[in-house]
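Enquirer: Coordinates only, no sequence provided:
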């Protein structure tokens, strides 16, 4: 048998080298797969104390930690199961076995098209008696908006419950849909901006504002319907009727000092993330205001004039077709109450009181709402 110059059998060199390279490649692949399998096993069985951040002592620290963890662990952010729906107080720091089940459940939900529960990307934060319920109901007509019906009051009353509790309140959404909620008292809650920022600094904020004098009277009217024996509007408005000193400690008056509350929000969020909706225009031109809101949220303009009709009895627009219904829909009987007659002198004194605050608010927002 002849031999090549390299010492191997003549004519067999290239084939033999190919087999050697293939064998070496197979060996490297096997070693890589073994290493990957070993790492995955270690990660899946790592002790909980190696994976979970320690809980904070205060509610704010706990929620901030939960927020960071939700961003770092997508399977916790998106997970949903029937058993958790019956328990709003689930522990965000689950053990590794539970985390594995969460990831599997999330994939299953995605495959079935059921959607996920997500923390809200947009909030209607105010103001009370400004038209927030109407705005939310109008927005829910849009196929890419999913919203909680009831007010969660998470960032003012229920913050100690944690982000997992809050997320469990949210409706399921599909890819491309926006999760929303509305709680009007957030706008006047001093701690709310920092708490929302801790959840997500990218949250979009919507504030429905209304002539503060009319808003105060509407606020009083709502309270009067529940407590008929309360003092008159006039007596609650003034600390001293003779001197005309306004009682700014009364919430009905205090809420309408919009510039003061906005100052607090601007410590955390830039103006470009806050949209101010005119409560008056929401009545006179609902489609126009909804167009601005849809643009702000990055949604296609689907809600238009064709969705509304004006109800002469209630004095505000109603939906021709509500979400999930083929019938017209107006807000309930608690909306559009008839206001009591207020002394014109009291109304004028309130207008004089609010005027400088309104002017500052116009400057801050770059929009004249025409309340003076």
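Expert: Received, thanks. Everything quoted here is computed from the prediction, not taken from an experiment. Residues are numbered from 1 along each chain as shown.
Enquirer: need the strands for this structure, in chain order.
Expert: 116-117, 122-126, 145-147, 172-173, 178-182, 204-209, 238-240, 245-246, 274-278, 308-311, 316-319 (DSSP state E).
Enquirer: The third one - contacts with which helices or strands?
Expert: This points to strand 145-147. Helices and strands touching strand 145-147, as assessed by 3 or more CB pairs under 8 Å, 6 or more residues apart in numbering; DSSP states H and E, comprise helix 132-139, strand 178-182. Every residue, glycine included, has its C-beta placed from N, CA and C.
Enquirer: From the strands of the chain, pick the one with the highest average neighbour count.
Expert: Most buried of the strands of the chain by mean neighbour count (mean count of other CB atoms under 10 Å) is strand 122-126; its value is a mean of 26.
Enquirer: on that earlier part again, quick one: closest of the strands of the chain to residue 137.
Expert: Nearest of these to residue 137, taken as CB to CB: strand 316-319 at 6.9 Å.
Enquirer: what's the average pLDDT for the closest one?
Expert: Mean pLDDT, strand 316-319: 88.
Enquirer: same for that strand, what does it pack against?
Expert: helix 132-139, strand 308-311.
Enquirer: switch to 6 Å and redo it
Expert: On a contact count with 3 or more CB pairs under 6 Å, 6 or more residues apart in numbering; DSSP states H and E, strand 316-319 meets strand 308-311.
Enquirer: Turn the strands of the chain into TSV, columns for distance to residue 155.
Expert: What follows is the strands of the chain, written out as TSV (distance: least, CB to CB, whole Å):
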stretch	distance to residue 155
strand 116-117	18
strand 122-126	8
strand 145-147	16
strand 172-173	20
strand 178-182	10
strand 204-209	11
strand 238-240	31
strand 245-246	28
strand 274-278	15
strand 308-311	31
strand 316-319	28
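Enquirer: for those strands, which one sits closest to residue 363?
Expert: strand 274-278 (12.8 Å).
Enquirer: quick one: strands adjacent to that closest one?
Expert: Applying DSSP bridges to the sheet, strand 274-278 is found paired with strand 204-209 (parallel).
Enquirer: what's the distance between the residue nearest to residue 125 when sequence neighbours are not counted and residue 136?
Expert: The shortest distance from residue 125 to any non-neighbouring residue, by CB to CB, 6 or more residues apart in numbering, is to residue 186 (3.9 Å). Taking CB to CB, to the nearest Å as the measure, residue 186 and residue 136 are separated by 14 Å.
Enquirer: Those two: who's more crowded?
Expert: Legend: neighbour count by other CB atoms under 10 Å for residue 186 and residue 136, higher for residue 186 (27 against 20).
Enquirer: In this structure that one contacts residue 157, no?
Expert: No. Applying CB atoms under 6 Å, one finds residue 186 not in contact with residue 157, separated by 10.4 Å.
Enquirer: what do those two both touch?
Expert: Here residue 186 and residue 157 have no joint contacts, going by CB atoms under 6 Å, 6 or more residues apart in numbering.
Enquirer: residues in contact with the residue nearest to residue 125?
Expert: Per CB under 6 Å, 6+ apart, neighbours of residue 186: 125, 155, 192.
Enquirer: Pick the one among the residues you listed closest to residue 240.
Expert: Residue 240 lies nearest to residue 192 out of the contacts of residue 186, by CB to CB, at 32.3 Å.
Enquirer: And the helices in the stretch 201-350 of the chain, which stretches?
Expert: Per DSSP state H, counting those that start in this stretch, the stretch 201-350 of the chain carries helices over the ranges 212-226, 233-237, 251-254, 258-265, 279-284, 286-296, 344-365.
Enquirer: List of residues touching the first one?
Expert: This means helix 212-226. 129, 233, 252, 253, 256, 337, 339, 342, 350, 351, 354.
Enquirer: Drop anything exposed from the residues you listed.
Expert: Buried members of the contacts of helix 212-226, scored by 16 or more other CB atoms under 10 Å, are 129, 233, 252, 253, 256, 342, 350, 354.
Enquirer: Can you give me the neighbour number for the closest residue to the first one other than its chain neighbours?
Expert: Think residue 129. In space, and not counting its chain neighbours, residue 129 is closest to residue 218: 4.2 Å by CB to CB, 6+ apart. Using other CB under 10 Å, residue 218 has 22 other residues around it.
Enquirer: What of the one 10 residues further on?
Expert: Burial measure for residue 228: 7 neighbouring residues, criterion other CB under 10 Å.
Enquirer: what does residue 305 give?
Expert: 12.
Enquirer: likewise residue 262?
Expert: Residues within reach of residue 262, counting by other CB under 10 Å, total 20.
Enquirer: Skipping adjacent residues, who's closest to it in space?
Expert: In space, residue 262 is closest to residue 364, 5.7 Å off (CB to CB, 6+ apart).
Enquirer: now the one you found: how far from residue 261?
Expert: 11 Å.
Enquirer: Looking at the two, which is more packed in?
Expert: Counted by other CB under 10 Å, residue 364 and residue 261 do not tie: residue 261 has more neighbours, with 23 against 15.
Enquirer: For the more buried one, give me its contacts.
Expert: If you count contacts by CB under 6 Å, 6+ apart, then residue 261 has 187, 188 around it.
Enquirer: Surely residue 316 is in contact with residue 283?
Expert: Yes. Counting by CB under 6 Å, residue 316 does reach residue 283; the two are 4.9 Å apart.
Enquirer: Low-confidence stretches in this structure?
Expert: 1-113, 321-327, 332-337 (pLDDT under 70).
Enquirer: do that again at 50, thanks
Expert: 1-14, 34-57, 66, 69-112 (pLDDT under 50).
Enquirer: Can you tell me the closest non-neighbouring residue to residue 194?
Expert: With CB to CB, 6+ apart as the criterion, residue 194 has its nearest non-adjacent residue at 6.2 Å, and that residue is residue 268.
Enquirer: Cool, thanks, talk later.
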